[in-house]
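# coords please:
(2 chains)
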There are 2 protein chains.
Amino acid sequence: MSSEAMLEAVEAQMRSLVAEVDDGEVLRLFETLRGGKRLRAKLVLKIAPHAESSVLLAAIIELIHAASLLHDDVIDDAMVRRGVASINATEGSKRAIMLGDVLYSKAFSALTDFEQPVARCVADAVTALSKGEMQDVVMAQRFNVDAERYLQMLYFKTASLIEAAVRSAALLCGKEPERYALYGKNLGLSFQIIDDILDIVSDEATLGKPALSDYAEGKCTLPYIYLYDALNSAGQERLVALHAKAPSEADALWIKSEMHSAKAIERSYALAASLSAEAKAAVDDPALHQVLDTMLERRF
Amino acid sequence: MSSEAMLEAVEAQMRSLVAEVDDGEVLRLFETLRGGKRLRAKLVLKIAPHAESSVLLAAIIELIHAASLLHDDVIDDAMVRRGVASINATEGSKRAIMLGDVLYSKAFSALTDFEQPVARCVADAVTALSKGEMQDVVMAQRFNVDAERYLQMLYFKTASLIEAAVRSAALLCGKEPERYALYGKNLGLSFQIIDDILDIVSDEATLGKPALSDYAEGKCTLPYIYLYDALNSAGQERLVALHAKAPSEADALWIKSEMHSAKAIERSYALAASLSAEAKAAVDDPALHQVLDTMLERRF
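Residues are numbered from 1 along each chain as shown, chains lettered A, B, ... in the order given. Just a heads-up that it's a prediction; the model follows:
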C-alpha cells in the first residue's frame, strides 16, 4: 500500500471505530472535526509499515489526540481550531467534553486488543498529557521563569503522546523501543518549541489567530523565559506586567523588539535544533530524519 | 479480610494509583473528593472477595466513576456533589475536566494489567457512559415523552458501569458473566429510577439541592414521562411549558399533586421493583439480593 493509501485506511479506521459507538450525535460531531496533519499516524506508519495492526494503532492514537484537543480547546476557551470554529464554539463545551470522553474511551477499548506493553505505553501517555494540561493550567496563573519546569510540562503535554506513538510502533515491529522513544520525545519537544516561536514571529493571517496569543493566554513559553533572562529589572517588570493580558500594539512591538535584541527566538530555535539533532542520532532512518527537517523548517 | 478492611484497601489502592501520577496538584484535588457510597467497589468485593486482583479492579472502577462524576458536574454546572461544593465550583471547570482525564487514563493504564475480556468490558462501559451523558445533554434540550428512549439513555449513563463492575468481577472469579451482567444492569437502572423518584418526593434538606431540580435542569425523568401520559392536553401543555425552568412554588405544588393523581411515582417505583426482581432471579446470592433491597428502600 502507498503511504497515502495507508493514511486513508487510518481515516477509515477512525470513522469505523467511532461508528461502532452507535450514536448519531457522536458521529455527526466527529465528522465536523478537521483532521490536521496526522503527524502521529504518519510516524506509526513510517516505523511499522508492514505490521498487521499499525493502521489500527495509528487510528487509536489519532483518536486520543483528537480527544485531547477537544478538551484542550474547552480549557483554553479556544474558539478556533485548525482555521475553523472549534466544537466548543459551535456546539458548546458540554458536547466537546463528552465527545472527547467518547473518543478517549473508544480508543482505550480498541487498545485492549494489543499486547500489554503497547496498550500500557499508550495509556500512560494519556495520563502524562492530562497531567501536562493540568500543569499548563496551573502555570498560566503566574509568570514562570523556570525553563526546566516549562520543558517538563511540554514533555507531558505534547511530547508524551508522540513518544508513545513512536515507541508503540517500534514495539509492534520489533525495533528498539528506547531509541525510538527518544526520537519521539525530542521530536515532540522541538515541535512544540517551534509552535511557540511561530506564535511570536508569524502574523495573524498565517496563524489563524492573533500573534502573541500564547502570552496573552498566560502561557509563558520558552522565548519569554529567555527574554526575561536577558532583560534588566525594569524590562522584567514590564514583561511580567503584560503577562496574561491582550497586549496593546505598542506593547506587542516592544515584546517583539526586545525578543530580537535578546536573541530569544534564536536561543529557542537552537534548543529545538539540538533536540532534533539528538533525535536524528537516535534512529538511523532517512524518512524519520526528513520529518524532523520538515518540522524545523515549517512556517505555520 | 473483613469487608471494611477490603474497602479500606480499595481506598488505599485508589490513592496509590493517583500518587503514581506524581503531580502535586492532581493529588491535592483528588484528596478533596468525597468518596460516596462506593457501590461499585462493594459489588466487586462481594462477587469476587477471594480474587487476587479484586481490590485493584474495584479501585479502577471507582476512579472511573469519580472521573465521570467530575465531567458530569461540569456538564450540569453542578455546584454541589455529595453535600459539599463540587470541584468545578471551588477549583474551576478546567481543573475538574483535567482531573477527570487524569483519573480516566490512570484507570485505563492500570486496566492493562488485566486479561483482555476484563479490560475490554470495563473500557466499553466508559464509552457507554460517555455516550449516555451525551444523550442526556441532547435529550435535555426538549421534553421527551419516550420512556424506552429514556431508559436506554439511563442504561448507558448509569447502569453500564455498574453492569461492567459486576460482569468483570464475575469474570475474575469464574462466575457466569451473563447472569451477573443482568443483575448489574437491572440494579443500575432501578438505582437511577429511585434517584429520579427521590428528586421529586424528597425535600431540599434531604436532597442537599432543591427538589424537582432534575426537571428544572431539563431532565425529563420517568415520573414526568408517566405524568405526561396521564394528563389531558391542557395539562400536557402546562407540563411541557415548565420544562427546563426553575418552577414557581405553585407550579411545583401542581407537579407534585398531578404526579400523585397520575400515580406516576407508583408506576416508576413498580418498574424499579420489577427490574430488581429480575435481578434477584438472575443471581442466587443473598448478599447481592440485600443490595437490591437496601437500594429500593433508600430515602436519600
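
# my read: residue A:47 touches residue A:170, true?
Yes: with contact defined as Cβ atoms under 8 Å, residue A:47 reaches residue A:170; the gap is 5.9 Å. For glycine as for every other residue, the C-beta is placed from the backbone atoms N, C-alpha and C.

# Between these two, which contacts overlap?
Shared contacts of residue A:47 and residue A:170 (Cβ atoms under 8 Å, 6 or more residues apart in numbering or on different chains): residue A:180.

# out of everything not next to it in sequence, what's closest to the most centrally placed residue in chain A?
In chain A, the centroid-proximal residue (Cα atoms, centre = their mean) is residue A:158; its distance is 4.2 Å. Nearest residue to residue A:158 in three dimensions, chain neighbours excluded: residue A:192, at 4.3 Å (Cβ to Cβ, 6 or more residues apart in numbering or on different chains).

# Can you name the next helix or strand after the helix or strand that contains that neighbour?
Here residue A:192 is covered by helix A:177-201, with elements defined by DSSP states H and E. Going down the chain from helix A:177-201, the next helix or strand is helix A:204-207, by DSSP H and E.

# now that following helix: how far from the chain's centre is it?
Chain-centre distance of helix A:204-207: 18 Å, with Cα atoms, centre = their mean, to the nearest Å.

# Could you name the helices and strands sitting against the next helix-or-strand element following that helix?
The C-terminal neighbour of helix A:204-207 among helices and strands, as given by DSSP H and E, is helix A:213-216. In terms of contacts (3 or more Cβ pairs under 8 Å, 6 or more residues apart in numbering or on different chains; DSSP states H and E), helix A:213-216 is packed against helix A:177-201.

# Determine how far the helix it packs on lies from the middle of the whole chain.
9 Å.

# residue ranges with poor pLDDT in chain A?
A:81-83, A:207, A:300 (pLDDT under 70).

# repeat that with 80
Applying pLDDT under 80 to chain A flags residues A:1, A:77-86, A:88-89, A:203-211, A:299-300.

# Quick one: name the residues of it near chain B.
A:21-23, A:25-26, A:71, A:74-75, A:93-95, A:97-99, A:101-102, A:104-106, A:108-109, A:111-113, A:116, A:119-120, A:123-124, A:126-127, A:130-131, A:133-135, A:137-138 (Cβ under 8 Å from any Cβ of the partner chain).

# Please list only the buried members of these.
By neighbour count, with 16 or more other Cβ atoms under 10 Å in any protein chain shown, these hold A:21, A:23, A:25-26, A:71, A:74-75, A:93-95, A:97-99, A:101-102, A:104-106, A:108-109, A:111-112, A:119-120, A:123-124, A:126-127, A:130-131, A:133-135, A:137-138 as buried.

# Okay, and which of these map to strands?
Per DSSP state E, strands hold no members of these.

# May I have the residues that are in contact with the nearest residue to residue A:298 once chain neighbours are set aside?
For residue A:298, ignoring the flanking residues on the chain, the nearest one in space by Cβ to Cβ, 6+ apart is residue A:194 at 6.6 Å. For residue A:194, the contacting residues are A:269, A:272, A:295, A:296, A:298, by Cβ under 8 Å, 6+ apart.

# Please apply the same query to residue A:102.
Contacts of residue A:102 by Cβ under 8 Å, 6+ apart are A:18, A:21, A:23, A:26, B:127, B:130, B:131, B:134.

# shouldn't the last one be in contact with residue A:100?
Looking back up the chat, that one is residue B:134. No: applying Cβ under 8 Å as the test, residue B:134 and residue A:100 come out as separate, 10.6 Å apart.

# now for the helix or strand hosting residue A:261, which elements pack on it?
Following DSSP H and E, one finds residue A:261 within helix A:249-262. Contact analysis of helix A:249-262 by 3+ Cβ pairs under 8 Å, 6+ apart lists helix A:177-201, helix A:222-230, helix A:233-241 as its packing neighbours.
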